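[1] Show me the folded form of this:
(one chain, ligands or ions: 2)
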Amino acid sequence: MAIDTQAISAIGFPCSACGGPTRFDADSQRLKCDYCGTDQPIENVLLAPKEHRLTDDDADETAGTDWGVAQQAMQCEQCGGQSLIPATQTAASCVFCGSPKVLVQQGSRSIRPESVIPFRLSVKAAAERFYAWKRKRWFVPNAFKKGDIDAKLTGIYVPYWTFDAETTSVYSAEVGVHHYRTVTKTRTVNGKTERYTEQERYTVWHSTSGVYGRSFDDVLVPASGQYDAELLEKLGNFDLAQLLPYKPEYLSGFIAERYSVSRADGWQRAEERMHETLSKEIRSKIGGDEIRGLRIGTDYGDRTFKHLLLPVWNARYVYKAKPYRFMVNGQTGLVSGRVPRSGVKITLFVLVCLAVVLGAIGLYIAYGSNASV
Ligand SMILES: [Zn+2]
Ligand SMILES: [Zn+2]
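    Ligands and ions are numbered 1, 2, ... in the order given. Prediction:
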C-alpha cells in the first residue's frame with residue numbers, strides 16, 4: 001500500500017528515556033518516541049468542558065488564546081486553507097492541497113480549543129478504511145478500484161463551534177381546523193335531473209398564541225474553511241461524549257486547522273438552526289390541520305460557546321494527472337471523498353438503460369398494433 005503520511009514534526013515533548021521527539025499515537029492514546037519507541041501517558045481527566053459566555057461583541061478576550069505550545073498560523077495562497085503548525089517547523093507545502101505557496105500569517109491570534117477528540121484511528125487503519133471504501137464505489141475505473149494509490153495522509157484537527165442557549169419564544173398564529181358538511185347537489189344523468197349528496201370540507205380559523213421555552217445543548221457548527229459541507233456531512237457524526245479537555249500533547253505530530261468561520265458567523269448559523277427547530281416544534285404544539293401567519297419572536301438567553309477540534313485524516317492523491325481528495329473520520333473510520341469516474345462504465349450503463357427503454361417502446365408498439373387489429 002503506497003500510502004504515506006506527511007511529515008509533521010513532533011512538538012516540545014521530549015522522550016523520558018532518550019530525549020527524542022514524541023508524537024501522539026492513536027493506537028495507544030499515549031505519546032510515543034520517534035526513536036526508541038518508549039511511550040508515556042498523557043495526564044488528563046474526563047470533565048465537562050468549560051462553556052464560555054457568548055456576548056454580542058466579537059472580542060476574543062473571553063476565551064484563552066494560549067495553545068500551550070508555540071504555534072504559527074499558515075495560509076495557502078492556492079486554496080486559502082489556514083493551519084497551525086509548530087513554530088519550529090517550516091511548512092514546505094499546503095497540507096490541504098499540496099501547493100508550495102504557503103505564507104506565515106503574522107500576529108494572528110486564535111481562540112484556543114476547549115476540548116478535543118484525540119485521533120482513535122492510526123494512519124494505517126485510515127488507509128485500510130479508504131481501500132475498503134474505494135473497492136465499493138460504482139463507475140470507477142477498475143485499475144483505481146483494485147490498484148495501489150499513492151496517497152499522502154495528514155492528520156488534521158478540524159475546528160468546530162458548539163453553542164448552547166436557553167430560548168423563550170412568544171408566538172402567534174391562526175390555526176385552521178377542517179370540518180365536513182353534507183351538501184345536496186343536482187346533476188343531469190341521461191337527460192334526467194337528479195339530486196345527490198356530497199361531503200364538503202371547510203376550515204374554521206381561530207387565532208392562537210403562547211410562550212414556548214426550550215434549551216439547546218451543543219449545536220455543532222463546522223468552522224472549517226477547507227471542506228465543503230457535503231464531504232464533512234458524509235464523514236458522519238462524532239461522539240462528543242469522548243471529548244477531552246484540550247492538551248497540546250494531542251497535537252504532537254498533527255496539524256490543527258485554524259477556524260475560518262468566525263465565532264459571530266458560527267453563532268448566526270447556530271441561531272438559524274435553532275430557529276428551524278423552534279418553528280417545527282411550535283407548529284406541532286399549535287396542532288390543527290393548517291397554520292397561517294405564524295410569528296415567532298425568540299429571546300436567546302444564556303448563550304455559551306465552545307471551540308472544539310475533531311480528528312480527520314485528510315488525503316490527496318493523483319489519478320491520471322488529476323488531483324482528488326478523500327477524508328477519513330479519525331474517530332469512527334467513516335470515509336468520504338471524490339473518486340475518478342470511468343467514462344467506459346458510465347457509457348455502458350447509459351447504453352444498457354437506452355436498450356431497455358427502446359426494447360420497452362418496441363414491445364409497446366408491437367402489442368399496440370396487435371391489439372388494434
Ligand atoms: Zn525515546
Ligand atoms: Zn492549499
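[2] What helices and strands are in contact with the longest strand seen in the chain?
    Assignment by DSSP state E gives strand 151-189 as the longest strand of the chain. Applying 3 or more CB pairs under 8 Å, 6 or more residues apart in numbering; DSSP states H and E, one finds that strand 151-189 contacts strand 3-5, helix 123-134, strand 192-222, strand 255-257, helix 263-286, strand 290-319. In this view, the C-beta of every residue, glycine as well, is placed from N, C-alpha and C.
[3] closest to Ala241 out of these?
    The closest of those to Ala241 is strand 192-222. By CB to CB, the value is 10.5 Å.
[4] chain center to that closest one: distance?
    Distance of strand 192-222 from the chain centroid (CA atoms, centre = their mean, to the nearest Å) equals 33 Å.
[5] tell me the average confidence for that strand?
    On average, the pLDDT along strand 192-222 is 92.
[6] again with stretch 142-161
    Per-residue scores along stretch 142-161 average to 84.
[7] So is it next to ligand 2?
    No: shown here: stretch 142-161 not in contact with ligand 2 (CB under 5 Å from the ion), separated by at least 11.5 Å.
[8] ok, and for that stretch, which residues are buried?
    Under the neighbour-count criterion of 16 or more other CB atoms under 10 Å, stretch 142-161 has 144-145, 149, 151-161 buried.
[9] Taking the residues you listed, tell me the two that lie furthest apart.
    Within the buried residues of stretch 142-161, Lys145 and Trp161 form the most distant pair, 38.0 Å apart (CB to CB).
[10] what sits against Asn329?
    121, 235-236, 238, 311-312, 335 (CB atoms under 8 Å, 6 or more residues apart in numbering).
[11] just the angle between the longest strand of the chain and strand 290-319, please?
    Orientation check (axes from the mean of the first three to the mean of the last three CA atoms, to 10 degrees): strand 151-189 against strand 290-319 gives 150 degrees.
[12] For the closest residue in space to Pro100 that isn't next to it in sequence, the count of nearby residues, please.
    With sequence-adjacent residues excluded and distances taken as CB to CB, 6 or more residues apart in numbering, Pro100 is closest to Ser93, at 5.1 Å. For Ser93, the neighbour count with other CB atoms under 10 Å is 16.
[13] hmm, back to that, among the helices and strands packed on strand 151-189, pick out the one with the most neighbours on average.
    strand 255-257 (a mean of 23; mean count of other CB atoms under 10 Å).
[14] Name the strands paired with it and say parallel or antiparallel.
    Sheet pairing of strand 255-257 (DSSP bridges) gives strand 82-86 (antiparallel), strand 151-189 (parallel).
[15] Out of the ones you listed, which one sits most buried?
    strand 82-86 (a mean of 22).
[16] just the CA coordinates of that strand, formatted as CSV?
    The C-alpha trace of strand 82-86 is given here as CSV (Å, rounded to 0.1, in the frame of the first residue of the first chain):
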residue,chain,number,x,y,z
GLN,A,82,-5.4,28.0,7.2
SER,A,83,-3.4,25.8,9.5
LEU,A,84,-1.5,26.0,12.7
ILE,A,85,1.8,24.2,12.8
PRO,A,86,4.6,24.2,15.4
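[17] touching ligand 2 at all, stretch 221-232?
    No: figure legend: stretch 221-232 not in contact with ligand 2 (CB under 5 Å from the ion); closest approach 8.2 Å.
[18] got the contact list for that stretch?
    For stretch 221-232, using CB under 8 Å, 6+ apart, the contacting residues are 79-82, 96, 158-163, 257, 259-261, 266, 269-270, 273, 307, 325, 327, 336-338.
[19] which bits of the protein sit near ligand 2?
    Applying CB under 5 Å from the ion, we find that the chain lies next to ligand 2 at 76, 78-79, 81, 94, 96-97, 99.
[20] Let me have the residues you listed in TSV, adding secondary structure as columns.
    Converted to TSV, the residues of the chain next to ligand 2 look like this (DSSP: H, G, I helix; E, B strand; the rest coil):
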residue	secondary structure
Cys76	strand
Gln78	coil
Cys79	coil
Gly81	coil
Cys94	coil
Phe96	coil
Cys97	coil
Ser99	coil
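[21] how close does the closest residue to Cys94 other than its chain neighbours get to Ser83?
    Leaving aside its chain neighbours, Cys94 sits nearest to Cys76 (3.8 Å; criterion: CB to CB, 6+ apart). Noted for Cys76: a distance of 8 Å to Ser83, by CB to CB, to the nearest Å.
[22] who touches both of these two?
    With CB under 8 Å, 6+ apart, Cys76 and Ser83 have common neighbours 94, 96.
[23] what's stretch 264-276 in contact with?
    Here stretch 264-276 makes contact (CB under 8 Å, 6+ apart) with 54, 58, 161, 163, 165, 167, 216, 219, 221, 223, 259, 261, 296, 298, 300, 303, 305.
[24] Mind doing that once more with 6 Å?
    For stretch 264-276, the surrounding residues in contact (CB atoms under 6 Å, 6 or more residues apart in numbering) are 58, 161, 163, 216, 219, 221, 223.
[25] Get me the contact residues on this protein for ligand 1.
    15, 17-18, 20, 33, 35-36, 38.
[26] Got a quick PyMOL command for the buried subset of those residues?
    In PyMOL, this line selects whichever of those come out buried by 16+ other CB under 10 Å:
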select buried, resi 15+33
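[27] which of the residues of the chain next to ligand 1 lies closest to Arg181?
    Taking CB to CB as the measure, Arg181 lies nearest Cys33 of the residues of the chain next to ligand 1, at 83.8 Å.
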